[in-house]
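Asks: next one to model:
(one chain, ligands or ions: 2)
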Amino acid sequence: MTAPPRILLDCDPGIDDAFALLCALKFTGLDAITTVSGNVSINNTTRNARFIMELAGADVPVHRGASAPLEVDGVAADEIHGASGLGKLKTPESARPESNVGAVEAIIDYCAGGDATIVATGPLTNIALAVQQDPTLPERIGHLFWMGGGTEGGNVTERAEFNAWVDPHALDITLRSGIPLTMFGLNLTHQVLMGQPEIDALRSAGTATASMLADFLEFYRENGARHVAGQPMHDPCALLGLTHPDLFETNKSHIVTSTIDDEDRGRTFVNEPQTNVEHYVAVRANAPQVIDLIVQAAIDPTPAA
Ligand code: BDR
Ligand code: CA
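Replies: Ligands and ions are numbered 1, 2, ... in the order given. Just a heads-up that it's a prediction; the model follows:
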């Protein structure tokens, strides 16, 4: 059996980020977590990441990242994810302290050996700051799997997805940096919906992680992420796109965005592929199998044997 891929996960938990964190524990060698402000404040995303690691019995360093986007004011999504970022939970302080190394330094250190894999499930502020601090960094990133953007409209504005819109300058820097990247946007994540059957499966499993994630999923359903057939599991798609590529179809392309503060802010434009740009767009998911993996990880996040 091949060893699971080693990754750094940059995230803003966030309900679907919590599912992605558990998928990362189960299906990857999760070396480090960096947090970013997005769904909620940096204090909350960092506390949540530490709490989820403790809940899952995992000891992964959590590095605090950017507290605001590069050039625009931060905007939270607490109406969807709850005041704490984890539904109704008032996230307790974890006994596991956060790392005293910040996210940007952690990302640069992580990539030092080259061919690093990063999964990002929030605004790309930390990644862009790391590129600004070390412009040679993109040469040492093997691939970035990012949840954000989309090809067919947005969820925060008519044209832009939340992670792209919140920090369009960071997205622009990342897309131009030369980092090989696959975009798991709304066109893809809206195929991966979880609803009552998955809530029931989590409740009947009865593990600590499963019961809590069932609560989060119920909150997510009641507060904004309403789709007829279930709630989109955005963030786990980027993670599983790395670990289970056979469940996703991607097209080579060239992605650009707009930083101008008008109706196109943060919109992702998917152009003809260019030979010198390594961008891919995920277009199709084997939803039943992807959902099955997410539920497995939520029930038991211990690494797959
Ligand atoms: C993305 O925005 C956040 O609210 C979710 O966690 C996900 O990363 C979906 O647009
Ligand atoms: Ca997220």
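Asks: can you tell me the distance between the two ends of stretch 176-189?
Replies: Using Cα to Cα, to the nearest Å, one end of stretch 176-189 lies 24 Å from the other.
Asks: what's the answer for stretch 30-39, then?
Replies: 22 Å.
Asks: now check it, is it near ligand 1?
Replies: Yes - taking Cβ under 6 Å from any ligand atom as the criterion, stretch 30-39 and ligand 1 are in contact, through N39. In this view, the C-beta of every residue, glycine as well, is placed from N, C-alpha and C.
Asks: run through the residues that contact the residue lying closest to R267 once chain neighbours are set aside.
Replies: Of all residues not flanking R267 in the chain, R159 sits nearest, at 4.2 Å (Cβ to Cβ, 6 or more residues apart in numbering). By Cβ atoms under 8 Å, 6 or more residues apart in numbering, R159 lies in contact with G153, E263, D264, G266, R267.
Asks: closest approach to ligand 2 from the stretch 151-300 of the chain, which residue is it?
Replies: In the stretch 151-300 of the chain, the residue that lies nearest ligand 2 is D235 (4.8 Å; Cβ to the ion).
Asks: the helix or strand where that residue lies near ligand 1 at all?
Replies: With secondary structure defined by DSSP states H and E, D235 is part of helix 234-243. Yes - under the criterion of Cβ under 6 Å from any ligand atom, ligand 1 is reached by helix 234-243 at H234, D235.
Asks: hmm, who's touching the helix or strand following that helix?
Replies: Using DSSP H and E, the helix or strand that follows helix 234-243 towards the C-terminus is strand 248-257. Outside strand 248-257, the residues that touch it by Cβ under 8 Å, 6+ apart are 149, 164, 168, 171-172, 175, 181-184, 188, 237, 240-241, 266-274, 277, 279-286, 290.
Asks: likewise stretch 23-33?
Replies: Stretch 23-33 has contacts (Cβ under 8 Å, 6+ apart) with 3-11, 21, 49, 53, 56, 58, 60-63, 106, 110, 119, 236, 239-240, 242-244, 293-294, 296-297, 300-304.
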